[in-house]
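mind folding the following:
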Amino acid sequence: MTEYSGVNEAIRQLSICNACRYCEGYCYVWDAIEMKFIIEPGYVEHLANLCHDCRDCYYACPYNEPDHAFKLNIPKTLGNVRMETYENFIRPKILKKVLQKEGIITLLTIIIIFIASLLYISSRFGIYNFYKIPVTSVFPVYLFKGVSYFIYLYVAVLWIFEGVAYWNEINDGKHMNSMGIFKAIYDAINHKNFWGGGTGCKIPSENNKYERPVAHMMVFFGFIIALISVLFYPGIISGYAGYAYFIGSILLFAGSIGMIHIHMVDTKGLRSEKQSAIDYPFTVLLFFVGFTGILIPISVKTYIFNWNFLIHDVFILTLFILAPFSKFIHPLFRFLSLIKYRIDTGSS
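Residues are numbered from 1 along each chain as shown. Got it, this is the predicted structure:
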């Protein structure tokens, strides 16, 4: 088992929780803790990615920081471990530095892809003529779809390597099964663990209930709708696929605004600072993907259409190129932990 600096603190806090069990039944994390008399390092990684950071347990806890000597803050502590697991299981390992410097790396990647795109356009069509040329001539169907399929395959392959490494760490010798996977998909789609003990997500403050789950669902479903619609290029410019892409972009845009607002007003000191550091650049990038996606059908037959389409693709390429080394890795680890939970509880 791999041990990190944050794991020992997590074991200390979770051992106290395991004796108390005041939060039993709040979410899958507390059900999973109940299965263990002794919390081991490998199991902490699983719990960290099973946690959806709703903070319901923090506000219910009689031993939480800063007032009690036990100084418990499970969401923050598991957030630190979650960040450390991302770093440990990124493949190739040397690229964990991308995660550690996600903001500046994201910006540099955008600049590099944009400059490369300008060079391509300049050599083929000329910069000053770019806005006049049909976008399907600038980005032929074979080129657009070829690059799209390649980038999807690239992400899938790296996620497989990362996912296998993580699963081997947490699985306790158990094998996946189809029902466990289907149940985990159901859990992911309905966002069950964002609601804590049933009183709602306590982010960005104790009085909140719905803001974060709703914003996350908008991002989640908006991204999926857009991801499927883009496969019908050039249909995303007009037609039914275009309508779907427009709706997906609106959801992504609105959801990312909600998430950015949450980051800005979130109660300081209650959340993992390491986690927050990678959330910002990822969410801001999603915002620009959604915003430029909305402009695609709106700007058709205008001078800005080709430029907006180009910039939109630059943001999307950046998102996918960095996917295995950025906050975008979190759905993979969280999904695998949901599968393990379903198998462990026999609910598969």
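
what residues sit buried inside stretch 306-325?
306-325 (16 or more other CB atoms under 10 Å). Quick note: C-beta positions are derived from backbone N, CA and C, even for glycine.

domain-wise, how is this structure divided?
The record assigns the chain these domain ranges, following automatic domain parsing: 5-89, 93-344.

quick one: end-to-end length of the last one, please.
It stands for domain 93-344. 29 Å (CA to CA, to the nearest Å).

report the contact partners of F232.
With contact set as CB atoms under 8 Å, 6 or more residues apart in numbering, F232 has these partners: 239, 241.

just L95 next, same as before
324-325.

confidence score at it?
Note on L95: pLDDT of 93.

now S5
pLDDT, read off for S5, is 68.

pretty sure E9 contacts T77?
Yes. E9 lies in contact with T77 (CB atoms under 8 Å); the separation is 5.9 Å.

wait, a strand at N208?
No. Using DSSP: H, G, I helix; E, B strand; the rest coil, the assignment for N208 is coil, not a strand.

for it, which residues are in contact?
N208 neighbours (CB under 8 Å, 6+ apart): 200-202.

what of P331?
Listed by CB under 8 Å, 6+ apart, the contact set of P331 reads A188.

how much space between it and S249?
19 Å (CB to CB, to the nearest Å).

give me the spatial nearest neighbour of Y63, chain neighbours excluded.
F70 (4.0 Å; CB to CB, 6 or more residues apart in numbering).

where do the helices of the stretch 201-348 of the chain begin and end?
Per DSSP state H, counting those that start in this stretch, the stretch 201-348 of the chain has helices spanning 211-229, 239-265, 273-298, 305-321, 330-344. These are given in chain order.

relative to D31, which of the contacts of N208 is nearest.
For these, the residue nearest D31 by CB to CB is C201; the value is 18.1 Å.

residues in contact with that closest one?
C201 neighbours (CB under 8 Å, 6+ apart): 54-56, 194-195, 208-213.

compare the residues you listed and tell me which has the most neighbours.
Within those, neighbour counts (other CB atoms under 10 Å) peak at R55, which reaches 27 neighbours.

where does pLDDT dip in this protein?
1-5, 347-348 (pLDDT under 70).

one more pass at 50, please.
The model of the chain has pLDDT under 50 over residues 1-3, 348.

rewinding a little: E9 and T77: who's more crowded?
T77 (25 against 17).

check which helix or strand covers that one.
T77 belongs to helix 74-89 when assigned by DSSP states H and E.

contacts for that helix next, please.
Contacts for helix 74-89 (CB under 8 Å, 6+ apart): 2, 4-7, 9-10, 13-14, 17, 29, 44-45, 47-49, 51, 53-55, 57-58, 61, 96, 99-100, 162, 165-166, 169, 270-272, 274-275, 278, 329-330, 333.

and it with helix 330-344, angle?
With axes from the mean of the first three to the mean of the last three CA atoms, to 10 degrees as the basis, helix 74-89 and helix 330-344 are set at 110 degrees to each other.

from the chain's centroid, how far away is helix 74-89?
Helix 74-89 sits 14 Å away from the centroid of its parent chain (CA atoms, centre = their mean, to the nearest Å).

before we move on, the earlier item: F139 is nearest to which of the helices of the stretch 201-348 of the chain?
helix 305-321 (7.6 Å).

now the angle from the closest one to helix 273-298?
Angle between the axes of helix 305-321 and helix 273-298 is 150 degrees (criterion: the same axes, to 10 degrees).
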